[in-house]
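Enquirer: Okay, sequence plus prediction incoming.
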Amino acid sequence: MGIRIRATGTSRSADTHSVVEHSGRAARQCLEQAGIRPDQVGVLINTGIFRDSNTVEPAVSALIQKAAGIGLDYTRDDARTFSFDLMNGAVGVVNAVQVAGSILSTGSTEHVLIVAGDTHPSMTKSSADAEFPYATSGAALLLEKIDGPEGFGPVHTATSPGTPAGVAYVDTATMGTVGRSLMTVEREPDFEDRILLAATEVAQAALADFDGAFVALIASTPSPQFPKRLADALGIDQDAVRVPDLSEGDPHTAALPLAYARAIAEGTLVGYTHVLFVAAGAGPSAAATLYQLGTPA
């Protein structure tokens, strides 16, 4: 049994800065690409962190589910879709893959939809800057269970001791009446070096029993250089690194699905047998999984 990516969806249009809208669009695109109905999605997992107007309730997953047009009917015999937020920073998508695999292995649903994306809570900009280093976007992965070896391997996770290396918060002492549009992001000077150590640890664990040479690397993008630094640490050729469009900055939680969707669209995974997904961020924490591609990629 394998858990594979059936379809992907992305949204980076500048006509909205709402992460609910971007994630909803990505979800709809996913379903259209796969050719499945909304009622065939049993679970939706949202891994985004920074949300419209710092929304706390309801769960943002429910708002995205509505924007995606999933589970909007309430008659007695309608299929039910359960949605929830899984919040673990840049690592969330890989955590969600692990949860989705457990759900799909029970046979209780045909598909699990993972969505990711972030925005500045003011919803006034889409590009990263010095104060808020994340670009606005939305991305989605539709997962399903299949017979055969294609799909995700075990998920390896790690956390490092000490301070979290990076934090984000709303300063309640100074926010006044505009707290819903504010966010403070702070990174320690060695932020990237520390998350690189955690990323290397989990990536090496994911590759431990793998002896193939045709591995592409998709990793978090706290800086444009981070995936290539990780490749060097793992002994992977930098030409095997695949990244999302970083012209507006780091897409944070959506980095991995955006990079994978881009690689599939551009055909740059042809010739590779596997993709190593590595997510790393504040904590420091990291997670990695080796994905076996179908034939052809």
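Expert: Right, received. Where do you want to start? Numbers count the residues shown, from 1 in each chain.
Enquirer: Any regions of this structure where pLDDT drops low?
Expert: For the chain, the stretches with pLDDT under 70 are 74-78, 295-297.
Enquirer: can you rerun that using 80?
Expert: 1, 72-79, 209, 211-213, 295-297 (pLDDT under 80).
Enquirer: so when I look at Thr157, I'm seeing a strand, right?
Expert: Yes: applying DSSP: H, G, I helix; E, B strand; the rest coil, one finds Thr157 inside a strand.
Enquirer: Need phi/psi at Ala206.
Expert: The phi/psi pair for Ala206 (degrees, to the nearest 10) reads phi -70, psi -30.
Enquirer: Now it: closest residue in space, sequence neighbours ignored.
Expert: Closest residue to Ala206 in three dimensions, ignoring its sequence neighbours and counting by CB to CB, 6 or more residues apart in numbering: Ala288, at 4.2 Å. Backbone N, C-alpha and C define where each C-beta goes, glycine included.
Enquirer: Give me the contact list for the helix or strand harbouring the one you found.
Expert: According to DSSP states H and E, Ala288 maps onto strand 285-292. The contact list for strand 285-292, computed with CB atoms under 8 Å, 6 or more residues apart in numbering, reads 2, 5, 88-89, 91, 94-95, 97-98, 149-160, 195, 198-199, 201-203, 205-207, 210, 215, 273-280.
Enquirer: Give me the sheet partners of that strand and which way each runs.
Expert: Sheet neighbours of strand 285-292, with direction, are listed as strand 151-152 (antiparallel), strand 156-159 (antiparallel), strand 274-281 (antiparallel) (DSSP bridges).
Enquirer: closest to Pro222 out of those strands?
Expert: strand 274-281 (6.9 Å; CB to CB).
Enquirer: Tell me where this protein has helices.
Expert: Ranges of helices in the chain, per DSSP state H, are 19-34, 60-68, 92-105, 191-207, 226-234, 255-266.
Enquirer: What is the fourth one packed up against?
Expert: Read it as helix 191-207. Judged by 3 or more CB pairs under 8 Å, 6 or more residues apart in numbering; DSSP states H and E, the packing partners of helix 191-207 are strand 156-159, helix 226-234, strand 274-281, strand 285-292.
Enquirer: Throw those into JSON lines and include mean neighbour count and distance to Leu258, thanks.
Expert: Formatted as JSON lines, the helices and strands packed on helix 191-207 follow (neighbours: other CB atoms under 10 Å; distance: least, CB to CB, whole Å):
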{"stretch": "strand 156-159", "mean neighbour count": "18", "distance to Leu258": "22"}
{"stretch": "helix 226-234", "mean neighbour count": "20", "distance to Leu258": "13"}
{"stretch": "strand 274-281", "mean neighbour count": "26", "distance to Leu258": "12"}
{"stretch": "strand 285-292", "mean neighbour count": "25", "distance to Leu258": "15"}
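Enquirer: wait, which of these is closest to Leu63?
Expert: strand 274-281 (23.4 Å).
Enquirer: for the closest one, the distance to its chain's centre please.
Expert: How far strand 274-281 lies from its chain's middle: 10 Å, per CA atoms, centre = their mean, to the nearest Å.
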